[in-house]
Every structure is written in structure tokens, then in C-alpha cells.
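**Student:** Quick one: sequence plus predicted model below, questions after.
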Amino acid sequence: MKNTLYILIGFFCLTFFTASVNQTTLNTSGMTVETRILPPKGFVREKCDDNSFTKYLRTLPLKAHGAKVHLYNKSVKAYQDGAFAVVDMEIGETDLQQCADAIMRLRAEWLWKQKKYSEIHFNFTSGDRIDYVKWAEGSRLKVLGSRVTWEANKAPKDYSYATFRKYLDKIFMYAGTASLTKELISVPISNIQPGDVFIHGGNPGHAILVLDVVINTTTKQKAFICAQSFVPAQEIEILKNLNDNTLSPWYTVKASDFEVKFPQWTFTVHELKRFR
């Protein structure tokens with residue numbers, strides 16, 4: 001009787017484990033978003049241009065499977081349960097690259113690599129537009145309270161990556177969800193695409209980036225994965241779907257849904273926005 005019970009328990013565990021593996025969307029040896037995270041059964045990634053923001057996001061390098069999320073000061077983030085994977089990208093050594101900042105960072109990194117320098121610009125919470133080209137040409141910012149002015153010829157012309165990163169750190173200091181949400185346009189969740197942003201502007205506020213989208217070849221339903229930084233500044237993490245372990249890290253939204261629940265924040269479907 002005892003042997004029979006052990007066999008039944010073993011069979012149940014094996015069956016459960018096999019089913020989980022069959023439904024998995026994880027390739028532990030993959031070192032980019034698109035090679036680590038596989039589409040759910042019946043879904044495919046649509047083709048994209050090699051120079052597109054979508055392709056940039058799909059080819060973001062990831063740390064080894066199982067890596068923990070670290071804060072800017074190298075300590076381990078206390079809450080790890082929501083992390084599916086960690087993007088392999090430095091975040092600086094100060095508490096700057098938080099939620100909206102990480103989104104602006106990825107957008108700007110793609111534009112910089114494409115040499116689309118004139119398209120790199122973000123607004124401070126004061127409403128002032130801060131252009132990367134102006135910074136690279138040698139002007140520098142003077143901030144007194146809410147007043148922002150440019151001072152010309154404060155540095156040599158320099159479009160190097162190091163100068164670009166200093167520009168971004170300045171953006172991170174004076175921009176956030178309150179300013180970024182005003183720069184974006186609302187889009188219906190049925191039209192969700194990579195690079196879109198779930199954002200709730202304010203204090204407190206939060207923003208999460210839509211990292212990739214796949215589509216069901218039969219039903220045309222979409223599924224998406226998302227990434228975030230948080231407070232204090234941390235490495236960019238790809239989020240688990242704690243609402244559906246069989247689908248995680250992918251999320252789906254039905255027409256009747258009002259909100260999307262992520263591990264550390266819940267957005268309404270109307271808080272989805274897009275860069276212009």
C-alpha cells in the first residue's frame with residue numbers, strides 16, 4: 001500500500017512538472033529578451049525592422065537566469081518575488097534611475113545608437129524641454145528653484161557616450177512620472193505595442209515599460225511583457241505575471257478588463273501611453 005502511494009505521488013509530481021515545462025515560456029540559456037522569453041503556445045512575435053525600438057528592446061542583454069535585482073548601491077533589492085529576469089545594464093551609483101528614468105534611459109539609448117540625436121529630448125517637471133544636442137554642443141544647465149536656463153560654451157562639443165550618460169543623469173534629477181506622462185499620448189490597450197508605457201504621473205507615481213508584444217495566430221489576441229525600475233533606483237527587471245503562473249511573464253487583457261495588476265503596482269487600462 002505504501003509503495004503504491006509513493007508511486008502515485010511520484011506520478012502526480014512528474015505529471016505536474018512535465019505540464020509546467022510544456023507550458024513554460026523560459027529558455028534559461030537565452031541571454032536576450034527574445035531568446036530568454038519565448039511566446040506562449042499559439043503566439044508569435046511579429047517581424048520588426050532591425051533598427052526599430054522594438055528590435056532594440058527584444059535584443060536587450062539579460063543577466064544569467066536566476067540573477068537577483070540589485071539597487072544602485074549594489075545591495076540586493078528586498079522584494080524579489082516579482083522579478084522574472086534582470087536587464088544587464090549599468091544604472092550608475094546614485095539614486096537617480098528610478099521608474100520613469102529607466103524608460104527614458106532605454107528610449108534615449110536606442111535613439112543615441114541610431115544617431116537620432118535631435119530626437120533625444122525630455123521635459124523637466126518645470127516644463128522646460130531639455131535637448132541632448134544642446135548639451136552635446138557644449139551648453140550646460142543652470143537650475144535655480146523652478147527656473148531653468150542654458151549657459152552656452154561651458155564645455156567642448158562632445159557626442160561621446162560618456163557625455164550622453166551625464167546628460168541622462170541630469171534628466172533623471174529633474175524629470176519623473178509627472179513630466180513624462182505629459183509628453184506621451186494615450187493609446188487603447190487593444191493597440192498595445194513594444195515601447196508603450198503604463199504610467200501614473202504624480203507623487204507617488206509609477207511607470208512600467210511594455211518590453212515586447214506577441215499575437216495569437218488564430219484569435220489575434222495580444223500578450224505582452226513589461227519591465228520596470230523602482231524606488232530606490234534599481235536594475236531594470238522584467239516582471240512576472242503573479243496572476244497567472246502558466247502564462248508568466250506574459251500578460252493578456254480582455255476587452256472587459258479595467259485594470260492590469262503588476263507585482264508592485266496596478267494600472268487602469270486607460271493609463272497606457274506612447275512616445276509621440
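**Tutor:** Okay, I see it.
**Student:** ok, which stretches of the stretch 1-150 of the chain are helices?
**Tutor:** Using DSSP state H, counting those that start in this stretch, the helices of the stretch 1-150 of the chain run over residues 2-22, 33-36, 53-58, 99-113, 132-136.
**Student:** For the shortest one, name the packing helices and strands.
**Tutor:** Spelled out, that is helix 33-36. On a contact count with 3 or more Cβ pairs under 8 Å, 6 or more residues apart in numbering; DSSP states H and E, helix 33-36 meets helix 53-58, strand 206-216. The C-beta positions use only the backbone N, C-alpha and C, and glycine is treated the same way.
**Student:** Mean confidence (pLDDT) on the shortest one, please.
**Tutor:** Predicted confidence along helix 53-58 averages 98 (mean pLDDT).
**Student:** How about residues contacting it?
**Tutor:** Helix 53-58 is contacted from outside by 32-34, 45, 48-49, 106-107, 109-110, 113, 193-195, 209, 211-212, using Cβ atoms under 8 Å, 6 or more residues apart in numbering.
**Student:** 7 Å - rerun?
**Tutor:** Helix 53-58 has contacts (Cβ atoms under 7 Å, 6 or more residues apart in numbering) with Thr32, Val33, Glu34, Cys48, Asp49, Trp110, Pro194, Gly195, Leu211, Asp212.
**Student:** what's Gln97 in contact with, if anything?
**Tutor:** Gln97 makes contacts with Ile91, Arg105, Phe172, Ser229, Ala233, as judged by Cβ under 7 Å, 6+ apart.
**Student:** Show the model's pLDDT score for it.
**Tutor:** pLDDT recorded at Gln97 is 98.
**Student:** for the helices and strands packed on helix 33-36, which one sits closest to Thr25?
**Tutor:** Thr25 sits nearest to strand 206-216 of all the helices and strands packed on helix 33-36, at 9.6 Å, using Cβ to Cβ.
**Student:** what about the closest one, distance to the chain center?
**Tutor:** 8 Å (Cα atoms, centre = their mean, to the nearest Å).
**Student:** quick one: contacts of that strand?
**Tutor:** In contact with strand 206-216 (Cβ under 7 Å, 6+ apart) are residues 33, 39, 42-46, 57-58, 99-100, 103, 106, 177, 180, 192-200, 222-228, 238, 262, 265.
**Student:** Tell me the helices and strands packed up against the helix or strand just after it.
**Tutor:** Once the chain leaves strand 206-216, the next helix or strand it forms, by DSSP states H and E, is strand 222-228. In terms of contacts (3 or more Cβ pairs under 7 Å, 6 or more residues apart in numbering; DSSP states H and E), strand 222-228 is packed against strand 206-216, strand 237-239, strand 251-252.
**Student:** Which one of those strands lies nearest to Tyr132?
**Tutor:** strand 206-216 (19.7 Å).
**Student:** partners of the closest one in the sheet?
**Tutor:** Counting by DSSP bridges, the strands paired with strand 206-216 are strand 43-44 (antiparallel), strand 197-200 (antiparallel), strand 222-228 (antiparallel).
**Student:** could I get those as CSV with distance to Tyr132?
**Tutor:** Below are the strands paired with strand 206-216 laid out as CSV (distance: least, Cβ to Cβ, whole Å):
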stretch, distance to Tyr132
strand 43-44, 36
strand 197-200, 20
strand 222-228, 23
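**Student:** Dump those into TSV; add mean neighbour count as well.
**Tutor:** What follows is the strands paired with strand 206-216, written out as TSV (neighbours: other Cβ atoms under 10 Å):
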stretch	mean neighbour count
strand 43-44	16
strand 197-200	24
strand 222-228	24
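**Student:** so which of these gets nearest Asn73?
**Tutor:** When the strands paired with strand 206-216 are compared by Cβ to Cβ, strand 222-228 sits nearest Asn73, at 18.4 Å.
**Student:** on that earlier part again, can you tell me which of the helices and strands packed on helix 33-36 is nearest to Phe84?
**Tutor:** That would be, of those and by Cβ to Cβ, strand 206-216, which comes in at 10.5 Å.
**Student:** Kindly export that closest one (C-alpha atoms) in CSV.
**Tutor:** What follows is strand 206-216, C-alpha atoms only, in CSV (Å, rounded to 0.1, in the frame of the first residue of the first chain):
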residue,chain,number,x,y,z
HIS,A,206,4.9,54.9,-11.3
ALA,A,207,5.7,53.9,-14.8
ILE,A,208,6.3,50.5,-16.5
LEU,A,209,7.6,49.8,-20.0
VAL,A,210,6.0,47.4,-22.4
LEU,A,211,9.0,45.4,-23.5
ASP,A,212,7.5,43.1,-26.1
VAL,A,213,4.2,42.1,-27.6
VAL,A,214,3.2,38.8,-29.2
ILE,A,215,0.0,37.9,-31.1
ASN,A,216,-2.1,34.7,-31.2
